[in-house]
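Novice: sequence and computational prediction follow.
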Amino acid sequence: LQSSAAVVDETGAGDCYRAAFAVALIEGKSLQRCMEFASSAGACSVTKPGAVPSTPTRQDVEHLLKQQSIASVPRGGDGSHGGEKDTFPFLFGSRLNSMKDRPELWDQPLEDASDWVKRQGKISGLGCVDFNYPQHFLSWDTPQAKVGLDEAGLVAGAVCLRFPKKFARGAMNHPNPELRKEAIQLTKDAAKTALELGCNEVVVWSAYDGYDYPFQVDYDEKWSQLVDAFRECCDAYPNVKFSLEYKPTDENTRFFTVSSTGAALLLVKEINRDNMGLTLDVGHMLMSGENPAQSIAMTGKKLFGIQLNDGYTRLAAEDGMMFGSIHPSLALEIVYQLQRIGYKGHLYFDTFPQRTDPIKEGEYNINRVKKFWKAAENMSKEKLEHAMSEHDAIAALELIDEALRNT
């Protein structure tokens, strides 16, 4: 049971445990997985009064299991380094498509998502997989994906919407109302898939909701269409967290309707739903000319997801470099702000290892974040407060130097 949850009534906890164990056993899970699933069911049941009313749903059980697995269940390897148990408080995920890179380093097929999940399972310390929808479900269905995750020792982190090219003129912004409806339905289908996989997060990045030239679109109309679309999705699936992953520009859309953290926060405020928030990508924030740590601070509790990487900040370039490899001081402050706002999601690496071993890259990213995390925790709070209150640049830089020496 999470430390923030209170034990209200223990009646029925054993019944829930046994029932959940039986369900998991019938579904063919290992004995360890059966016990984990059952323990999560029992833990859920004690948070509500009564025997029958406290019986949790599968969604409740799998959501708690995901949260509990962060610290207690090693994933993607033994989770240990130097013989010490890994107690890092977050699950790590990494870009699944990266598993296609450097095939000569892998002695098995790499034809589809099922093969890529197998390869990701070899990354020591990796805990979850974020799936692109619908692209990662063309060769297998959701039940098969759950089996594949279980065999790899992983769980689903989120479902990330990737609209097909038929929406090149816009997805939720398409000029054709029928195609707008289809885009909204696809978003709902992604939410349904997320729940079936045992996660409750849908990340929406549209490569196409925007424009290329002046006078090409009605800006107010496009904004209102996004607000209405997200409200419909949030209301249809109130137990799913929807988050917008903004991007300022790319080769598909020169100007996105939502092109900055500030604009994205305005959109979230207007949508006005508890289950609507943001996923911030470090590379996208750098492309926008933002300080990622400040954007994280601005977003606060509405930060549902974070995608970690780095880049050279050239105009309109998204490099997808390993975290902290180019801007270590920014990386340190990113981690510090995640700690400060009490971030609750998982940590996802959106990096592009075309010339690098993707398994080694994933492990490097994981270890790098852990070092930054520890360094941020160990920074002198008194010295930080002094530097910030006095706007003392030298004091701040000296703190950074001291912290980075320990990474």
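Specialist: Now that the structure is in, tell me what you want to look at.

Novice: now the strands for the stretch 201-350 of the chain?
Specialist: Using DSSP state E, counting those that start in this stretch, the strands found in the stretch 201-350 of the chain span residues 201-204, 210-211, 241-244, 255-256, 276-281, 303-308, 347-349.

Novice: for the last one, give me every contacting residue.
Specialist: Residues lying outside strand 347-349 but in contact with it, judged by C-beta atoms under 8 Å, 6 or more residues apart in numbering, are 90-95, 130, 157-158, 305-309, 323, 362, 365-366, 369. Every residue, glycine included, has its C-beta placed from N, CA and C.

Novice: which neighbours does it have in its sheet, and in what orientation?
Specialist: Sheet pairing of strand 347-349 (DSSP bridges) gives strand 92-94 (parallel), strand 303-308 (parallel).

Novice: on that earlier part again, among the strands of the stretch 201-350 of the chain, which is the most enclosed?
Specialist: With neighbours taken as mean count of other C-beta atoms under 10 Å, the strands of the stretch 201-350 of the chain reach their highest mean count in strand 201-204, at a mean of 28.

Novice: quick check, central residue of this structure?
Specialist: Most central in the chain under C-alpha atoms, centre = their mean is Gly305, positioned 4.4 Å from the mean C-alpha point.

Novice: wait, doesn't that one sit right on Cys128?
Specialist: No: using C-beta atoms under 8 Å, Gly305 is not in contact with Cys128; the gap is 11.6 Å.

Novice: which neighbours do these two share?
Specialist: His346.

Novice: quick one on the thing from earlier: of all the strands paired with strand 347-349, which one is nearest Tyr343?
Specialist: Closest of the strands paired with strand 347-349 to Tyr343 is strand 303-308, at 6.1 Å (criterion: C-beta to C-beta).

Novice: what's in contact with that closest one?
Specialist: Under C-beta under 8 Å, 6+ apart, the answer for strand 303-308 is 158, 201, 203, 241, 243, 245, 277-283, 296, 323, 334, 338, 341, 343, 345-350, 365, 369.

Novice: in the stretch 51-200 of the chain, which spans are helices?
Specialist: If DSSP state H, counting those that start in this stretch is used as the criterion, the helices of the stretch 51-200 of the chain fall at 58-72, 113-120, 142-152, 177-197.

Novice: let me know the angle separating the longest one from helix 142-152.
Specialist: Here helix 177-197 runs at 40 degrees with respect to helix 142-152, directions being taken by axes from the mean of the first three to the mean of the last three C-alpha atoms, to 10 degrees.
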